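1. Quick one, fold the following:
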Amino acid sequence: MPLSMYQVSVPVFVRGLQVLSDLLKKAEAHAQQHGAVEGAMISARLADDMLPLSGQVQRASDTSKMTIARIAGVEAPRFEDDETSFDQLQQRIAKTIAYLESVGAEQFEGSEDRVIKLNFGGFPDFKGSEYLLTFALPNFYFHIATAHDILRNQGVAIGKRDYLGPF
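-> Below you'll find the predicted structure:
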């Protein structure tokens, strides 16, 4: 049986967000153990022209929920980008996962051929499958990897196994 658009989107995004949540838990424990200022870690970035940790979490959230909305043809919730604590970032991840899990597999019928038009960046129109596989998933993982790298740069004891998550 071939993989469905649902199978290569919702469970993949949920797993990635759960990994991100676990990374943030380790970051929070690190901050508490070392007396670090939570806000300093949340506002940390790898380079001046890159988003901080909070922005990476927000973009991973936005990418996953907007991808599902676009390919399933449903409405996505809007979240303000105002998180300033680990608890708020965890809440955002939880709300994103709840939304993703609320979209049923039947809503993805025919989505591989649905035309996806992005209203930013001057991108061409995509077929649903092309959008998911060549734009959305790489973008999602970029933000997860960047969050991981920011935390590593801040001294959090995480590595590749933490990025890959549990099996």
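2. Next, count neighbours for residue 128.
-> 23 (other Cβ atoms under 10 Å). Where C-beta positions appear, they are placed from N, C-alpha and C, glycine not excepted.
3. For it, give its distance to residue 52.
-> Per Cβ to Cβ, to the nearest Å, residue 128 is found 32 Å from residue 52.
4. With residue 66 instead?
-> Where residue 52 is concerned, residue 66 sits at a distance of 20 Å (Cβ to Cβ).
5. And the helices in the protein?
-> 10-34, 38-42, 53-72, 86-102, 128-130, 137-153, 160-164 (DSSP state H).
6. So which of those helices is the most surrounded?
-> Comparing the helices of the chain by mean neighbour count (mean count of other Cβ atoms under 10 Å), helix 53-72 comes out on top with a mean of 23.
7. and the angle for that one with helix 86-102?
-> 10 degrees (axes from the mean of the first three to the mean of the last three Cα atoms, to 10 degrees).
8. Dump the C-alpha coordinates for helix 53-72 into PDB.
-> The C-alpha coordinates for helix 53-72 follow below in PDB (Å, rounded to 0.1, in the frame of the first residue of the first chain):
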ATOM      1  CA  LEU A  53      15.100  30.000  19.900                       C
ATOM      2  CA  SER A  54      11.600  31.200  20.400                       C
ATOM      3  CA  GLY A  55      11.300  32.100  16.700                       C
ATOM      4  CA  GLN A  56      12.500  28.600  15.700                       C
ATOM      5  CA  VAL A  57       9.800  27.000  17.900                       C
ATOM      6  CA  GLN A  58       7.200  29.400  16.500                       C
ATOM      7  CA  ARG A  59       8.200  28.700  12.900                       C
ATOM      8  CA  ALA A  60       8.200  24.900  13.400                       C
ATOM      9  CA  SER A  61       4.700  25.300  14.900                       C
ATOM     10  CA  ASP A  62       3.500  27.500  12.000                       C
ATOM     11  CA  THR A  63       5.100  25.400   9.300                       C
ATOM     12  CA  SER A  64       3.400  22.200  10.600                       C
ATOM     13  CA  LYS A  65      -0.100  23.700  11.100                       C
ATOM     14  CA  MET A  66      -0.100  25.800   7.900                       C
ATOM     15  CA  THR A  67       1.100  22.800   5.900                       C
ATOM     16  CA  ILE A  68      -1.700  20.700   7.200                       C
ATOM     17  CA  ALA A  69      -4.200  23.500   6.600                       C
ATOM     18  CA  ARG A  70      -3.000  23.900   3.000                       C
ATOM     19  CA  ILE A  71      -2.900  20.300   1.900                       C
ATOM     20  CA  ALA A  72      -6.000  19.200   3.800                       C
END
